[in-house]
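Chemist: Fold the following and give me the result.
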Amino acid sequence: MFPRLKTINSGGKTYRYLQIVESRKINGKVRQKVLHNVGRIDNLSEEHINGMIESLARFTDTLIVLRKNGDDIKKHWDREWAPVLVFRRLWEEAGLDDIIARRLKGRNYQFDMEAAVFLLAYQRLMNPGSDLRGSKWLHDVYYERFQSLQLQHLYRAAEFLSREKEEIETRLFGVGRDLFSYELSLVFFDTTNLYFEGEGPLAAYGKSKDHRSDRTQVVVAVVIDKEGNPLFCETWPGNTTDATTVEQMARRMRTQFGITDVVLVCDRGMMSNDNAAELESNRMRYIIGERLRRRKEVRLRVLADTGEYAKVADNLEVKEVIVEGRRYVACHNPEQAERDRLTRAAILESLEEKLRGGQAKSLIANRGYRKYLKMDRGAVRVAPEKVEEDALYDGKFVLRTNTDLPADEVARQYKRLWQIERHFRSLKDIIEARPIYHRKAANVKGHIFGGFLSLFLKVRLQKKLDARGDKFPWDDMMADLRRVKATKIELKGRQFIVRDEFTGSAGVVFRAAGLQPPPLMQEI
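Modeler: Below you'll find the model as predicted:
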């Protein structure tokens, strides 16, 4: 039964009538029967229609429940609902529930370990922080299997993840190859630091990428394929060198995953002669970004090479430079060079103005200004030779490689994998765990691996959206999902779960994940 507007033309005029009709199948055909003629729509006021609806509502509890009002309604709670449905679907689709269930066979945990592991990953996506924080937040989520979990269960889940990490990664690697059918011709590798506020397992002083040398830290590395799919991660003490991380990562790729014919792509800062030698000793090919200003060989020999650049695209020119058997590809982006030039011109204009205003001392302390300045007989002035030297780097980057790929292909692949960095930056955000409270090294590693599993889920959802051509900022999508809450209501001794309406991108995300929205109301 449903309302219908019936249009009738009479005497050169058009009239529209509101009717209540129902569909019936007669002789195999669907026919509509008018149950009631309400009247001409232009003669019906909004108050008249509302009054009729209110009168009919007396004969059903459903409308009252959906509106969540009325004297007879008792509200118990409302909790976040939509995000956990989406990520649980992705978790199960990737087979993570089955992978973990297999690793739990024969173990007699007295709580729902698989749900606890999922919670570790889910929390890193929606409410990153410590396990203590997660143990409180889980009660704000409508997922029945979370409700019996306690803080001690999350600690044990982190310990379980640490023990089973390599097995889970290996199985996910196989699942990923089936699901994504991706090639492993190139992989992206980078490291970051997580520092401790106090003492902790694996904590050590080391070179900090967060510029917090006053804090102990751990080193976290991740390997991502050229499609952005995370392959595996590793955690080391904070004083672990890049050369060691490269060595161990290369060994794991070869022994655990059987990856031998691959090109490793690393960003600037990972390159050193020791790192290159380690990769070559493991028979691994690489494309690694160089630091232009810090590497003397790059600065004085590669960039100084007088060979001509060959145009690859409007925004890319390349040339190959060999230095004592080491192969470099120098790259130039004319568009970026012009942006660099304009940026420097604006800085110099501001600099000259500040110098005229007598702010020399404060300028020397500013890194952005200092590289253009020189002390001359106690006075500070702009040094033309420093400005000229800075201009040599405009729009340029240099790659080192031991592959036999053409120079233009080396540059293309490196630029392509710049896009992959957004996933690694996501991992840095997801595994943000300061301060780290764990007192066992296994728990620290499991806590971080939970963040890696979060990244896996995030990438899967993003790929599904990309495949549909749907583009939404991640934070906006999550905000839209979080607005869809479940509310538990009691009416006349009956209990219901009522869902909020979908708004914004929430419906699109559900469809991308292959989900149907839950009913607006269901009795429990």
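Chemist: so F257, which of the three states?
Modeler: coil (DSSP: H, G, I helix; E, B strand; the rest coil).
Chemist: what about it, how many residues close to it?
Modeler: F257 has 17 neighbours, counted by other Cβ atoms under 10 Å. Heads up, the C-betas are built off the backbone N, CA and C, glycines and all.
Chemist: Could you give the backbone dihedrals for it?
Modeler: phi -110, psi -10 (degrees, to the nearest 10).
Chemist: Contacts only, for it.
Modeler: Contact partners of F257, counting by Cβ atoms under 8 Å, 6 or more residues apart in numbering, are T170, F173, L231, F232.
Chemist: Show the pLDDT at the second one.
Modeler: The one in question is F173. Listed pLDDT for F173 reads 85.
Chemist: Okay, and it sits in which element?
Modeler: helix 151-180 (DSSP states H and E).
Chemist: Isn't H153 up against F111?
Modeler: Yes. At 4.9 Å, H153 counts as touching F111 under the criterion of Cβ atoms under 8 Å.
Chemist: Between these two, which has more neighbouring residues?
Modeler: Ranked by neighbour count (other Cβ under 10 Å), H153 and F111 place H153 first, with 22 against 13.
Chemist: could you measure the more buried one against F449, distance?
Modeler: For H153, the distance to F449 equals 17 Å [Cβ to Cβ, to the nearest Å].
Chemist: now do R341
Modeler: Distance from R341 to F449, counting by Cβ to Cβ: 45 Å.
Chemist: Those two: which has the busier surroundings?
Modeler: Each of R341 and F449 has its neighbours counted (other Cβ under 10 Å); F449 has more, 27 against 14.
Chemist: Return the residues in contact with that one.
Modeler: L161, S162, K165, I168, C233, T235.
Chemist: related to what we said a few turns ago, nearest to Y286 among the contacts of F257?
Modeler: L231 (16.2 Å; Cβ to Cβ).
Chemist: Helices along the stretch 51-200 of the chain, start to end?
Modeler: Taking DSSP state H, counting those that start in this stretch as the test, the helices found in the stretch 51-200 of the chain are 62-67, 82-93, 96-104, 113-126, 131-137, 151-180.
Chemist: ok, R468 touching A513?
Modeler: No. Contact between R468 and A513 fails when scored by Cβ under 8 Å: they sit 10.7 Å apart.
Chemist: Next up, the contacts around the residue nearest to E80 when sequence neighbours are not counted.
Modeler: Ranked by Cβ to Cβ, 6 or more residues apart in numbering and with sequence neighbours excluded, the top spatial neighbour of E80 is V141, at 5.1 Å. Going by Cβ under 8 Å, 6+ apart, V141 touches R79, E80, W81, V84, Y122.
Chemist: go with 10 Å
Modeler: Shown in contact with V141 (Cβ atoms under 10 Å, 6 or more residues apart in numbering): R79, E80, W81, P83, V84, L119, Y122, Q123, M126, N127, Q147, A486.
Chemist: Repeat that for Y372.
Modeler: Neighbours of Y372 in contact, by Cβ under 10 Å, 6+ apart: 344, 347-348, 351-352, 363, 381-384, 386-387, 389-390.
Chemist: go with 6 Å
Modeler: By Cβ atoms under 6 Å, 6 or more residues apart in numbering, Y372 lies in contact with V382, K386, V387.
Chemist: again with R341
Modeler: R341 is in contact with D394, counting by Cβ under 6 Å, 6+ apart.
Chemist: Please apply the same query to T240.
Modeler: T240 is in contact with V219, counting by Cβ under 6 Å, 6+ apart.
Chemist: ok but it is inside a helix, no?
Modeler: No. Counting by three-state DSSP, one finds T240 to be coil, located in no helix.
Chemist: and A433, what pLDDT?
Modeler: 48.
Chemist: meant to ask about A57
Modeler: In this prediction A57 is given a pLDDT of 55.
Chemist: go on, I524?
Modeler: 82.
Chemist: same thing with I53?
Modeler: Taking I53 on its own, its pLDDT is 62.
Chemist: Over to V220?
Modeler: 85.
Chemist: Kindly report the same for the one 5 residues further on.
Modeler: If you check D225, the pLDDT there is 81.
Chemist: tally of neighbours for the closest residue to W91 other than its chain neighbours?
Modeler: Of all residues not flanking W91 in the chain, F118 sits nearest, at 5.8 Å (Cβ to Cβ, 6+ apart). The tally of other residues near F118 (other Cβ under 10 Å) stands at 26.
Chemist: For the stretch 1-150 of the chain, give me the ranges with low pLDDT.
Modeler: Along the stretch 1-150 of the chain, the model assigns pLDDT under 70 to residues 1, 46-47, 50-71.
Chemist: Pairing partners for the longest strand anywhere in the chain, with directions?
Modeler: Taking DSSP state E as the criterion, the chain has its longest strand at strand 13-26. If you go by DSSP bridges, strand 13-26 pairs up with strand 2-10 (antiparallel), strand 29-40 (antiparallel).
Chemist: Could you export those strands as a markdown table, including distance to D404 and mean neighbour count?
Modeler: Compiled in a markdown table, the strands paired with strand 13-26 are given as follows (distance: least, Cβ to Cβ, whole Å; neighbours: other Cβ atoms under 10 Å):
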| stretch | distance to D404 | mean neighbour count |
| --- | --- | --- |
| strand 2-10 | 69 | 10 |
| strand 29-40 | 68 | 11 |
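Chemist: what's the closest of those strands to G368?
Modeler: Using Cβ to Cβ, the strands paired with strand 13-26 put strand 2-10 closest to G368, at 66.7 Å.
Chemist: Thanks a lot, see you next time.
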